[in-house]
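Undergrad: predicted model, plus sequence, below.
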Amino acid sequence: MEDQKLENLLNLALGATEEEREKSLNLDVGYHPIDREWELIIKYSGNLDQVRALAIQVVELQNEYAIIRISQSRIDLLSDIPEVEYIEKPKRLFFQIANGKRVSCINEVQDTRFLDLRGQGVLVAIIDSGIDYANEDFRNADGTTRIRVMWDQSLRPNADEEKNPPKGYRMGVEFTKEQINRALEADSSEERRRMVPSQDISGHGTAVAGIAAGNGRGSGNLYAGVAPESELIVVSDDITLSPGGIRIRKKGSAGGHNGLKNIIGQLGTENFKRIRIGVGEKPKGYDLADYVLGHFSKEEQPLMQEGITKAMEALNLILAGNMDQAMNEYNRREK
């Protein structure tokens, strides 16, 4: 018999297998399969003492609502608490996102037949309640973060734990991309929260960030934000260029390069900047993989060092927004 305190969707989710939840766009929302824990919303009366004794985390809201994190095995016990009146799970608001993009004419702006503007080269800043940095919409295809830096002003600095405010400030804690990536590699959500304890309690900042720049991975690529594409620069080798020569392109095909072919396949687009560094033509009889992974000769080493230096100089121009200048200065024909 279904628990009358639990909303229908939560009852369905608890009765489904993990495979069934994964296939659904709604049943798995709020569930953390690695830890077998749920984020839930409860309506209560009185106090939360018994809830706190059961839950992993409790955040009080207004008007006797609270957001909790609790083990799935304890939800029945949660329902038995007299002060708990109603329990529901979070929802995905796909329709609101899709309809908002339609009425704002974002679909036309992103249409590849016309403008094809998807936030390429744009850095988006969100000043809000925070962000769920583990959300798939803010992660790349390899699982790393798209967030360059995160400043949580609700946390207290702790230099001993490498939790410091931004330079020139005394409040909050700044987390770098490297710190966030290390946290995302953690074995459990508990360890991840210990490493980067920033949380978006209300979810508003995460929603705003998703609308602005979500890449759609969290919804199986069905729904993306206004600017889903982050700036991306790829450096690759090129056997058609002599050692140390460089070529810069705004976008283009793989040109037979297996590494670029893989990147294009993973991203689903050829629209990313790339710098090619020449390694010289493969000698007859050599295996291509063995050649490009081999060592340079003594004569080639200074040429390659010069090429790497030029590539770094070009990269600095590109990062400063001077892509055309970089192409003009470094895409010179080899003599």
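TA: Nice, thanks for sending it over.

Undergrad: helices or strands next to the one helix or strand Asn181 maps to in the packing?
TA: According to DSSP states H and E, Asn181 maps onto helix 177-184. The elements that helix 177-184 packs onto, with contact taken as 3 or more Cβ pairs under 8 Å, 6 or more residues apart in numbering; DSSP states H and E, are helix 189-195. All C-beta spots, glycine's among them, are computed from the backbone N, C-alpha and C.

Undergrad: now the closest residue to Ala227 other than its chain neighbours: how far from Val109?
TA: Residue nearest to Ala227 in three dimensions, not counting chain neighbours: Gly119, with 2.3 Å by Cβ to Cβ, 6 or more residues apart in numbering. According to Cβ to Cβ, to the nearest Å, Gly119 stands 10 Å off from Val109.

Undergrad: now Ser73
TA: 47 Å.

Undergrad: more neighbours, the two?
TA: Under the neighbour definition other Cβ atoms under 10 Å, Ser73 and Val109 were set side by side, and Val109 has more, 15 against 9.

Undergrad: state the mean pLDDT of the helix or strand where the more buried one lies.
TA: Per DSSP H and E: Val109 is located in helix 106-110. Mean pLDDT, computed over helix 106-110, is 78.

Undergrad: what do you get for stretch 55-72?
TA: 91.

Undergrad: flag every buried residue along that stretch.
TA: For stretch 55-72, burial by neighbour count (16 or more other Cβ atoms under 10 Å) applies to 55-56, 58, 66-70.

Undergrad: now do the strands in this structure.
TA: All strands of the chain, identified by DSSP state E, fall at 31-32, 37-44, 57-60, 65-71, 84-88, 149-152, 173-176, 233-238, 246-249, 273-278.

Undergrad: output the last one as PDB, restricted to C-alpha atoms.
TA: I take that to be strand 273-278. Presented in PDB, the C-alpha positions along strand 273-278 are these (Å, rounded to 0.1, in the frame of the first residue of the first chain):
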ATOM      1  CA  LYS A 273      39.500  26.700 -32.100                       C
ATOM      2  CA  ARG A 274      42.600  24.600 -32.700                       C
ATOM      3  CA  ILE A 275      46.400  25.100 -32.900                       C
ATOM      4  CA  ARG A 276      48.400  22.500 -34.900                       C
ATOM      5  CA  ILE A 277      52.100  22.000 -34.200                       C
ATOM      6  CA  GLY A 278      54.200  20.400 -36.900                       C
END
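
Undergrad: packing partners of that strand?
TA: Checking 3+ Cβ pairs under 8 Å, 6+ apart, strand 273-278 ends up next to strand 233-238, strand 246-249, helix 300-319.

Undergrad: pairing partners for the shortest one, with directions?
TA: Sheet neighbours of strand 246-249, with direction, are listed as strand 273-278 (antiparallel) (DSSP bridges).

Undergrad: so what's Lys101 up against?
TA: 107, 226 (Cβ atoms under 8 Å, 6 or more residues apart in numbering).

Undergrad: where does the prediction get shaky in the stretch 1-150 of the chain?
TA: Applying pLDDT under 70 to the stretch 1-150 of the chain picks out residues 1-2, 93-99.

Undergrad: kindly recompute the last result at 80.
TA: 1-3, 18, 21-25, 92-107, 109-116, 118-129 (pLDDT under 80).

Undergrad: the nearest residue to Asn164 once chain neighbours are set aside: neighbour count?
TA: Residue nearest to Asn164 in three dimensions, not counting chain neighbours: Pro157, with 5.5 Å by Cβ to Cβ, 6+ apart. By other Cβ under 10 Å, 15 other residues sit near Pro157.

Undergrad: going by neighbour count, which residues of stretch 151-158 are buried?
TA: 151-152, 155.

Undergrad: where's the residue nearest to Asn164 relative to Asn181, distance?
TA: From Pro157 to Asn181 the distance is 21 Å (Cβ to Cβ).

Undergrad: show me what Leu40 is bridged to.
TA: Assigned bridge partners for Leu40, using DSSP bridges, are Ile68.

Undergrad: so who does it touch?
TA: Applying Cβ under 8 Å, 6+ apart, the residues near Leu40 are 10, 30, 67-70, 75, 78, 87-90.

Undergrad: show me what contacts Asp116?
TA: By Cβ under 8 Å, 6+ apart, Asp116 lies in contact with 110, 271.
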